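>>> sequence and computational prediction follow.
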2 protein chains.
Amino acid sequence: MLRPQRSTLAKWVRYKSDYLNPTIKQQLSHPAEIGSIIEARGFVKSTRASKKVGFVDISDGSNHQTLNIVLQGPDQPKFKVGQSIAVKGQWCEGKGRQPYELKYDPQNPGHSIAIVGDVTEDYPLQKKATSMPFLRTFPEIKHRTSTLGSFLRLRSHVEFKLMEFFQLQDFIKVTPPLITSSDCEGAGEVFSVRAPSDKPGESFFGKNAYLTVSTQLHLECLALALNRAWTLTPCFRAEQSHTTRHLSEFWMLEAELSHVDSVYQVTNFIEDMVRYVTQSLADSSKTNQSVDAGDGNDYVNGTYIEKELVEARWSKMLTPERWPRMTYTDAVAHLNKVLPQDEQLQWGDSLQLKHEIMLAESSPIFITDYPEAQKPFYMLKSANYDPEKPTVACFDLLVPGSGELAGGSLREHDYEVLKKNLESHSMDMQDMDWYLNLRRQGTLPHGGFGLGFERMVTYLAGHDNVRDVAAFPRAPGLCHC
Amino acid sequence: MLRPQRSTLAKWVRYKSDYLNPTIKQQLSHPAEIGSIIEARGFVKSTRASKKVGFVDISDGSNHQTLNIVLQGPDQPKFKVGQSIAVKGQWCEGKGRQPYELKYDPQNPGHSIAIVGDVTEDYPLQKKATSMPFLRTFPEIKHRTSTLGSFLRLRSHVEFKLMEFFQLQDFIKVTPPLITSSDCEGAGEVFSVRAPSDKPGESFFGKNAYLTVSTQLHLECLALALNRAWTLTPCFRAEQSHTTRHLSEFWMLEAELSHVDSVYQVTNFIEDMVRYVTQSLADSSKTNQSVDAGDGNDYVNGTYIEKELVEARWSKMLTPERWPRMTYTDAVAHLNKVLPQDEQLQWGDSLQLKHEIMLAESSPIFITDYPEAQKPFYMLKSANYDPEKPTVACFDLLVPGSGELAGGSLREHDYEVLKKNLESHSMDMQDMDWYLNLRRQGTLPHGGFGLGFERMVTYLAGHDNVRDVAAFPRAPGLCHC
């Protein structure tokens, strides 16, 4: 009746689980003995044929590389791009750039080749037709292309390195709620959430519920309780943004640190974090020309990513000195030296994308201490607060060619001051009582930041549109499946 | 104007970032030289005083341990539980069970002690009053208690080990969408999402949008494209469940594997995954009686978790043999041998929680091949499909004392069969066309599973209520902040 399968504890953690068919990445990085018979499975990426021999390149998406199948003899089976096939053949050393190839010989009874899944005549992912706008019209299969597959592999790698970094820095990963009854920024266009049973005056949660625009307020509770807390979590904005930089649903990395009282502690931290991830990419790019297992570095060896653009972006991140810091006030003065007369900035003006790109020309830069009037109620006043030009202890991280990647601040931790801030921002005091309470019970100086995860991945990938690094992007009018 | 802070690249990855105040966990695991002056910051957990000496235990939540502050001399400052304090004093070897203590001497001009944040007279987290129902009424500060803090640290550790496991197994971590226009299970009570601008006939996304109940259908797209994909992501259910096992917003671990054609490949995989995490907890429990850095094992050394219960659960997970597998049909026969006459099961009946607990008495168990009629449209028929007793190639993972922890299946990958399934389940064919399309374009056998993350953490923590391992639980009527 029961089917216990004996295995010793010592054996059960394996690199390759022997009950699974290996991925092509595993087959290439942990190659079988030359001459042995193995089976490979993947999608047909391309085919070539001559009289005596045929070639089929297959990929299973586990890495960017294709595996070359060599069909021997004159009667070669025909395949179409996109078909899912399974081939059993002889594992051989490759010719040319391929380290290995799989030889299928129809005369050999131990060999086999089969179409597992056919494609329709109009299968769209042909070699030539792969512009991004075209691919976006096939949301369910577009990730089988090399470029979009590589974006997803990069994203996974970046998340893993972030996890590693925060673990080293003694942070606890937490999950603040997505459904919330408070509205972090005090403005913001928020999606509301309703249950099928909701009626006027009778709602599922007993009050109005929204999708969070930032988890910061809840994260503060957790960071005070745990000293250092971070999250990587979906956030939502119901804005009519039709840009390459905005999504209605996006993932945000937020971190909050207790016992910090200078904004430069937070900028140092986020700089180290971004460097840690970027360095891991640069290292794997330099040292690995062959495929390596499990660390996601395969994509840098491909040719389909604009490698020079990518490496230029990485090297701008990896400057030998810390990235510059500049106050908003200094940034305005600096920009006015180079801006034409009719575009001069007044103190208090918002910095536009073009200004941000000017400031981050040669390396990332932190702009700190923005005018209080531009920022939300929870920010601490600047250390050198000037009532004539009131500023808060905050920063934006701007990156070359792209503008804002992250923003953060110290948080007002004094009860009376925060209460006044809430009043002057006309916030609902009852709704925010729980947040105010943090300042009533053992308050302490703290600060943190939020970073748009898709923006970071897009930047590191050398790409220009966040919609292509989100697996199924959501934007106004865009929720097809 | 700029404030570059020089640092060499070689130096920037540090265990302790020198621009941050260290956590108490770091101070205990990487101790300063005995006799040196250091500063510690935390919340007052308890105080004791005698004529000549006073004691204040502080905690910052970075681990379960408290740091003992010794106040020397007769004029000892007074502290209240919950206050946030900062102490500068001499780092000394501890007496009794504490490895170290911090001595504050008011006569020493290099020493200082300060209340950073006071508490109100009715500060609720006193030593005695910490029942779970009581703590749940203080959502913004409850995580400062040892037990709830330890649940969050455990959760963070489990996520890290999962990330490590999937990385080793060559999976890509992906983020399927939370806002979706399709309804995975074809039933289910789903939350709907609306933008402020929505009017009848004019919606933000151009169609009705919902919060996902499972990312499986989207995950299938990504797993086919990448061979193996996983996600750990919020899911939502608008059910009126007021139990210790359900949340309206919860995190779900979902994994999907290409090229599997036996349900036992999937059960082996999930078993190895759960064992990997559990083994890491058991290992740290055995080998570490002192505090170790960065691996989350600190909580097992505390006394506040019911250690025996926890270890009994872990050891049931870590059986020397693989967990048993039993078909639903065999399970019904097995149960009927022990169930009283008036509680006998008919083939086709659902297994209730009490049945699940009976089946998983001594170890976790997989129940496979449930009746087709109980399961969603996308499941593949069982290998030994019997039209008299039609079953599907699926499983539930049941754990001792707790019932279902995870469920999974092979997915129907034949276009015509899946289309018929959709029709017989009265699903909207147009809405599901993208999903059907996966079977039209290079289909291949695949399968996967979903696991309720809060249930797993609750089980491993030796606890009994998922609401306490979610930082801010959401349930009917529960969305206070």
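In hand now; what should we look at?
>>> what average pLDDT does the longest strand belonging to chain A get?
Across chain A, the longest stretch assigned as strand under DSSP state E is strand A:37-49. Mean pLDDT, strand A:37-49: 96.
>>> touching, A:N208 and A:S181? I think so.
Yes. If you go by C-beta atoms under 8 Å, A:N208 and A:S181 touch, sitting 6.4 Å apart. C-beta: built from backbone N, CA, C; applies to glycine.
>>> neighbour count: the two, which is higher?
A:S181 (17 against 14; other C-beta atoms under 10 Å in any protein chain shown).
>>> enumerate every residue touching that one.
When contacts are counted by C-beta atoms under 8 Å, 6 or more residues apart in numbering or on different chains, A:S181 touches A:F205, A:K207, A:N208, A:A209, A:Y210, A:D431, B:C479, B:H480, B:C481.
>>> am I right that the third one sits in a strand?
It stands for A:N208. No. Read with DSSP: H, G, I helix; E, B strand; the rest coil, A:N208 is coil and lies in no strand.
>>> tell me the spacing between it and A:D198.
Distance from A:N208 to A:D198, counting by C-beta to C-beta, to the nearest Å: 10 Å.
>>> was I right about A:R155 contacting A:V469?
Yes. Counting by C-beta under 8 Å, A:R155 touches A:V469, with 5.9 Å between them.
>>> shared neighbours of those two, anything?
The contact lists of A:R155 and A:V469 share A:V457, where a contact means C-beta under 8 Å, 6+ apart.
>>> hmm, who's touching the worst-scoring helix or strand of chain A on mean pLDDT?
Lowest by mean pLDDT, DSSP states H and E among the helices and strands of chain A is helix A:307-317, with a mean of 84. If you take C-beta under 8 Å, 6+ apart as the criterion, helix A:307-317 is touched by A:274-275, A:278, A:281-282, A:285, A:300, A:362-364, A:399-401, A:459-462.
>>> coming back round to it: would you write a ChimeraX line that selects the buried entries of the contacts of A:S181?
Of the contacts of A:S181, the buried ones can be selected in ChimeraX as follows, counting by 16 or more other C-beta atoms under 10 Å in any protein chain shown:
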select /A:205,209,210 /B:479,480,481
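>>> dump the contacts of A:S181 into JSON lines; add pLDDT and distance to A:M358 as well.
JSON lines is the format used below for the contacts of A:S181 (pLDDT from 0 to 100; distance: C-beta to C-beta, whole Å):
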{"residue": "A:F205", "pLDDT": "95", "distance to A:M358": "46"}
{"residue": "A:K207", "pLDDT": "90", "distance to A:M358": "45"}
{"residue": "A:N208", "pLDDT": "90", "distance to A:M358": "42"}
{"residue": "A:A209", "pLDDT": "93", "distance to A:M358": "42"}
{"residue": "A:Y210", "pLDDT": "95", "distance to A:M358": "36"}
{"residue": "A:D431", "pLDDT": "87", "distance to A:M358": "40"}
{"residue": "B:C479", "pLDDT": "92", "distance to A:M358": "44"}
{"residue": "B:H480", "pLDDT": "85", "distance to A:M358": "45"}
{"residue": "B:C481", "pLDDT": "86", "distance to A:M358": "41"}
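>>> using PDB, write out every CA atom in the least confident helix or strand of chain A.
This file holds the C-alpha atoms of helix A:307-317, laid out as PDB (Å, rounded to 0.1, in the frame of the first residue of the first chain):
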ATOM      1  CA  LYS A 307      27.300  43.600 -23.600                       C
ATOM      2  CA  GLU A 308      29.200  46.900 -24.000                       C
ATOM      3  CA  LEU A 309      26.300  49.000 -22.800                       C
ATOM      4  CA  VAL A 310      25.800  46.600 -19.800                       C
ATOM      5  CA  GLU A 311      29.400  46.800 -18.900                       C
ATOM      6  CA  ALA A 312      29.500  50.500 -19.200                       C
ATOM      7  CA  ARG A 313      26.700  50.700 -16.800                       C
ATOM      8  CA  TRP A 314      28.300  48.300 -14.400                       C
ATOM      9  CA  SER A 315      31.600  50.100 -14.400                       C
ATOM     10  CA  LYS A 316      29.900  53.400 -13.700                       C
ATOM     11  CA  MET A 317      28.500  51.700 -10.600                       C
END
